[in-house]
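Undergrad: A structural model of the following input is requested.
(2 chains)
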There are 2 protein chains.
Amino acid sequence: MATTDLKLVHNGEKSLPERVADQLMNLIRTQELQAGDKLPNEFELAEQLQVGRGSIREAVKLLVARNILEIKRGKGTYIAQHTGEIQDPLGLAFCSDQFQLAFDLLEVRMQLEPWVVANAAQHATEEDCKKLLDKCQDVENNIRMGINHLDSDKAFHRAIASCTHNVVMPKLIPVIVYSVDLFGALTRRSLKNETIIQHRAITEAIMRHDPDAARDAMILHLQQNRDSLQLIKEKLNQSKEKENTSI
Amino acid sequence: MATTDLKLVHNGEKSLPERVADQLMNLIRTQELQAGDKLPNEFELAEQLQVGRGSIREAVKLLVARNILEIKRGKGTYIAQHTGEIQDPLGLAFCSDQFQLAFDLLEVRMQLEPWVVANAAQHATEEDCKKLLDKCQDVENNIRMGINHLDSDKAFHRAIASCTHNVVMPKLIPVIVYSVDLFGALTRRSLKNETIIQHRAITEAIMRHDPDAARDAMILHLQQNRDSLQLIKEKLNQSKEKENTSI
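TA: Sure, this is the predicted structure:
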């Protein structure tokens, strides 16, 4: 079945650059352009799609904002790495109660991630395991050297998701592990040693293809995150109460 | 805790408009602007953020592309409805094997949605139930009248997710129910009557606060979708084989 049979969802009326952006998306899909491939230049695109160069330029900007294209200065326009995945795609940064957001994300992770690691343990190839161990080591190194480890933590969780061979998981998991970032900010990163030990346990269980051990290790990891978050919330409430009493 | 304590993830180096967009995001958050609120005009923003008006304009375009802002012609720039939620935020349209994508999405839905509806049955308020019934009715009406029912189907699934009172769910579920759209295209919408009956069963179970019945109804719904998809895939493969034999 050709991918072009699948129509994208329409969100009401679209502007001209948005419609041209849709045409560009179709072009990328039908020509099966991959991450890193170069897009034809403005002139060629304008001719191919029968629109002005200004519209092409605006459409390209839209797709850059959606991380579908990236412009390399002096070189041209390319298909982005991690095509179409953007920072905070669910707009979670707009939740007004960031503590509730952190707890609710943990609830979603509790539902998905134990199942993901069990799947990962069942389906991981030798190559997957090698990559996973590398990413696990990266997080450890960053933590030990005192470098911000949130990006490597995300990469670690993405590597776990890739072991499942479900095409949605490596795209979905980094989004819900946004809570790692949130959590890091909320907890002032107090769980460094626990993180090293628990990541290691998850990695080793996947590598020896033990779904139960992987599931248990992930549940422990998430529970500890939740307990720690709860503790911080209570402390914060206590200090607020003190402030109120002393006034 | 102030939301501004939370740093967003950095994806390597950022362009000037991207950095200004981040500043605008901070402004929106600290001033707690909500969907539908108007943004200050270009002059004020340029002065407040100490950047040129051109940079403000480019940053606004970026945030429009990410569905954080929307421009109403002749009126000004506003915070978008469903702030920050964009079409296909995971970039799933780029998966080359759309059948695998459909199956893998169903696998994720199988993991999440039975749990979501059980939660919905436990936490739905009377107001939630009223909204849910409305959305269920909308889908039925659209199906019966032969109108494209995918948008109303998404709204129905979003309404279920809202019943959980988990802030992440109403944002996450519409993303994974992208498969509804995909599925509609793949199956040529052959399951209209089944959809009506199964949606009705899910809705009624939530309304009488019966988590087990809600879970079972959702599992049935997803299984039937998967069986139907499998059938279509097999038929397609058979017709391909026939073509090959007749050559």
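Undergrad: quick one: contacts of stretch A:146-160?
TA: Residues outside stretch A:146-160 that contact it (CB atoms under 8 Å, 6 or more residues apart in numbering or on different chains): A:116-117, A:120, A:128, A:131-132, A:134-136, A:138-139, A:141-143, A:170, A:173-174, A:177, A:180-181, A:184, A:195, A:199, A:202, A:206, B:9-10. (Glycine included, C-beta is placed from N, CA and C.)
Undergrad: with just CA atoms, put stretch A:157-169 into CSV.
TA: This file holds the C-alpha atoms of stretch A:157-169, laid out as CSV (Å, rounded to 0.1, in the frame of the first residue of the first chain):
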residue,chain,number,x,y,z
HIS,A,157,15.2,5.4,27.7
ARG,A,158,15.0,5.7,23.9
ALA,A,159,17.5,2.8,23.6
ILE,A,160,15.3,0.7,25.8
ALA,A,161,12.3,1.5,23.7
SER,A,162,14.2,0.6,20.5
CYS,A,163,14.8,-2.9,21.9
THR,A,164,11.0,-3.6,21.7
HIS,A,165,11.1,-3.2,17.8
ASN,A,166,7.7,-1.4,18.1
VAL,A,167,8.1,1.6,15.9
VAL,A,168,5.9,3.9,18.1
MET,A,169,7.8,3.3,21.3
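Undergrad: by mean pLDDT, flag the weakest helix or strand of chain A.
TA: The weakest-scoring helix or strand in chain A, judged by mean pLDDT, DSSP states H and E, is helix A:178-187 (a mean of 59).
Undergrad: following that helix in sequence, what is the next regular element?
TA: Using DSSP states H and E, the helix or strand that directly follows helix A:178-187 along the chain is helix A:192-207.
Undergrad: now name the helix or strand holding the spatially most central residue of chain A.
TA: In chain A, the centroid-proximal residue (CA atoms, centre = their mean) is A:Pro174; its distance is 2.5 Å. For A:Pro174, the host element (DSSP H and E) is helix A:169-176.
Undergrad: just confirm yes or no for that helix near chain B.
TA: Yes. Residues of helix A:169-176 contacting chain B under CB under 8 Å from any CB of the partner chain: A:169, A:171-172, A:175-176.
Undergrad: what's the angle from the biggest helix by length in chain A to helix A:192-207?
TA: Of all the segments of type helix in chain A, defined by DSSP state H, the longest one is helix A:211-246. Angle of helix A:211-246 versus helix A:192-207, following axes from the mean of the first three to the mean of the last three CA atoms, to 10 degrees, is 160 degrees.
Undergrad: just give me how far helix A:211-246 sits from the chain centre.
TA: 23 Å (CA atoms, centre = their mean, to the nearest Å).
Undergrad: for it, which positions count as buried?
TA: Neighbour-count burial for helix A:211-246 flags A:211, A:213-218, A:220-222, A:225-226, A:228-229, A:232 (criterion: 16 or more other CB atoms under 10 Å in any protein chain shown).
Undergrad: now for that helix, which elements pack on it?
TA: helix A:98-123, helix A:178-187, helix A:192-207 (3 or more CB pairs under 8 Å, 6 or more residues apart in numbering or on different chains; DSSP states H and E).
Undergrad: mind putting these in CSV, mean neighbour count included?
TA: Putting these into CSV (neighbours: other CB atoms under 10 Å in any protein chain shown) gives the following:
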stretch, mean neighbour count
helix A:98-123, 21
helix A:178-187, 20
helix A:192-207, 19
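Undergrad: how about the ones you listed, which one is nearest A:Leu49?
TA: helix A:178-187 (35.2 Å; CB to CB).
Undergrad: rank the helices and strands packed on helix A:211-246 by mean pLDDT and give me the bottom one.
TA: Ranked on mean pLDDT, the bottom entry among those is helix A:178-187, at a mean of 59.
Undergrad: okay, now the domains of chain A?
TA: Domain assignment of chain A by automatic domain parsing yields the ranges A:3-79, A:93-246.
Undergrad: lowest mean pLDDT across those, which one is that?
TA: Per-segment mean pLDDT for the domains of chain A reaches its minimum on domain A:3-79, at a mean of 78.
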